[in-house]
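In: when you get a sec, could you give me coordinates for this:
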Amino acid sequence: MDAKLLAELKENAEAIKFGLFRMGKNRVAAMSTHVHKEVVEDLEQRAAKVLASIEKLSAE
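Out: Presented below is the predicted three-dimensional model:
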């Protein structure tokens, strides 16, 4: 298993977790619509990267 790929998976999973936390019920302050859209866009991109990494691992 590629250590770089694994580190990338972990980094993206942690970023997704943090983004969801920022949008969840435990957040400290409400987000503006603009910030909310940016967070959602970032989460979508990171989820796509995670899926691509899983595909690579599955192909090995």
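In: center of this structure - which residue?
Out: The residue lying closest to the centre of the chain (Cα atoms, centre = their mean) is residue 16, at 2.9 Å.
In: do you know how far that one is from residue 51?
Out: Residue 16 is 11 Å from residue 51, where distance means Cβ to Cβ, to the nearest Å. (C-beta placed from N, C-alpha, C; glycine too.)
In: how about residue 30?
Out: Separation of residue 30 from residue 51 (Cβ to Cβ): 30 Å.
In: more neighbours: the two, which one.
Out: residue 51 (11 against 7; other Cβ atoms under 10 Å).
In: and that one, how far is that from residue 24?
Out: 22 Å.
In: can you check residue 32 too?
Out: Taking Cβ to Cβ, one finds residue 32 at 16 Å from residue 24.
In: over to residue 41?
Out: Per Cβ to Cβ, residue 41 is found 17 Å from residue 24.
In: and for residue 42?
Out: When distance is defined by Cβ to Cβ, residue 42 is 15 Å away from residue 24.
In: out of these two, which sits in the busier spot?
Out: Shown here are residue 42 and residue 24; by other Cβ under 10 Å, residue 42 has more neighbours (13 against 8).
In: surely that one is in contact with residue 19?
Out: Yes - Residue 42 is within contact range of residue 19, at 6.2 Å (criterion: Cβ atoms under 8 Å).
In: check which helix or strand residue 44 maps to.
Out: helix 33-59 (DSSP states H and E).
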